[in-house]
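**Q** model the structure of this input:
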Amino acid sequence: MTAAPVPPGAIGTAPEPAALQTYLGALDDWVRARRTELDELDAAALSAQRGDEVGADMALSLALWKAVADRWQLMWATWDGGRVGEAERTRIATLAWGRLDGSSGAPSVSVPEACRLSDALVAQLRTTLALTPGADAAAARIKDLRAQLERIRDQVGLEPASTRDDAARRLAALLQRLDDVTERARRGADVGGLLGPLESEASTTERDLIVGNARRREAVDRLRTARETRADLVARAEALRRLAEICVRTVDPSPRYAVPDVAALGPVPNTPERLQPYLDRLGRVAEALAVAQQAYADALAERTQLADLLDAYVAKARAVGVADRPDLRESERQARDVLARSPAPMAVCRQLVGTYQAWLTQLASAGPAPAAPTAPASGAASKESA
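**A** Model prediction:
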């Protein structure tokens, strides 16, 4: 399971470019690896006909992945290939540490908390679906459990006084059971049957602590929630403008969505009766930003998909021995030239990739080109002359 990176800095700070570049690359790796894991778990659940049993956790896992992936895209657009000043670096830190948009079904937590919650859910799903390695991997599983219990220890420290003792007792019980399992494994016992329930309970405990902490923050400090949400939307709106600029430079036609002006909502009110309507308006702005971001992301993805499709057709042409035919080479050249334009005319790109496919179908059905006749050897020609 890929470990999620910790973002540098904090809200309101401007981390160094090198630290941001490292973090964005690591977060990209985590997003890709987590999507692969979720696809594997979904396939395993369907194969075992246990979709109803794990449906809720799977839906929450996908919502968390989607929220983190969307937030990474905004951070990447703000990064803009490293062309960032102090304002852009501060905006990226705000996007990393600010609360995620809860409209997708994910809790309103920060990116690091969402990643940790996703880790706990995936671990629980693996245990439920019996995908955790067997006894030969007991040492690795025990090591992962120790790391997870240390994360739980950190969460216990965030509990309020009224619930901290209970959380500490749960942690102590888990640590005692892990010590017992470790000792049994050291003596050579098969501890596979003990590790599964312990992993499941540890994952449940970690998830409950993370979600409970997030809910308490929302209930106790809604004013701070509104301020953080507004700051986050300002950063998202600016990042979306960057994404829109990239899209306009890259593809034609490009979506034409107006980016909402968060400043038009005015300052955050400090009275309860005015705060909820303000939060509702912030939610509508978040929905508008999500719609616009999806449209721009889809437009950029189509160009990448067409380039990948052309590569696949070229590979097929090489496999059947017709890649060097003049018509195919000219068709490939034209398609690549147009795809490389800034902006690339997408209607023409689709047509040219389709043309290459049509040529490939035609030439592949006709078979390889006939071999050119071989010239007679000079010695044989001399004898015929004689």
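**Q** against which helices or strands is the helix or strand hosting Ala312 packed?
**A** Assigned by DSSP states H and E, Ala312 belongs to helix 272-319. In terms of contacts (3 or more CB pairs under 8 Å, 6 or more residues apart in numbering; DSSP states H and E), helix 272-319 is packed against helix 51-79, helix 222-250, strand 251-252, helix 326-339, helix 346-366. All C-beta spots, glycine's among them, are computed from the backbone N, C-alpha and C.
**Q** how far off centre is it?
**A** Relative to its parent chain, helix 272-319 has a centroid offset of 12 Å by CA atoms, centre = their mean, to the nearest Å.
**Q** between helix 326-339 and that helix, find me the angle.
**A** 160 degrees (axes from the mean of the first three to the mean of the last three CA atoms, to 10 degrees).
**Q** pLDDT of helix 272-319, averaged?
**A** Mean per-residue pLDDT for helix 272-319: 91.
**Q** okay, the angle between that helix and helix 222-250?
**A** 30 degrees.
**Q** next, the angle helix 346-366 makes with helix 272-319.
**A** Using the same axes, to 10 degrees: helix 272-319 against helix 346-366 is 30 degrees.
**Q** what stretches of the chain score poorly on pLDDT?
**A** 1-2, 47-48, 102-104, 130-137, 186-188, 218-220, 272, 367-386 (pLDDT under 70).
**Q** outline the domain layout of it.
**A** 17-228, 303-366 (automatic domain parsing).
**Q** quick check: closest non-adjacent residue to Gln21.
**A** Using CB to CB, 6 or more residues apart in numbering and skipping the chain neighbours, the partner closest in space to Gln21 is Gly82 (6.7 Å).
**Q** for Ala214, see how far away the one you found is.
**A** 33 Å (CB to CB, to the nearest Å).
**Q** compare those two (neighbour count), which wins?
**A** Higher neighbour count among Gly82 and Ala214: Ala214, with 19 against 11, using other CB atoms under 10 Å.
**Q** secondary structure element for that one, which one?
**A** Per DSSP H and E: helix 192-220 holds Ala214.
**Q** for that helix, buried residues please.
**A** Buried positions in helix 192-220, judged by neighbour count with 16 or more other CB atoms under 10 Å: 192, 194-196, 198-203, 205-207, 209-214, 217-218.
**Q** measure Ala44 to Ala364 for me?
**A** Applying CB to CB to Ala44 and Ala364 gives a distance of 38 Å.
**Q** repeat for Ala120
**A** Counting by CB to CB - Ala120 and Ala364 are separated by 50 Å.
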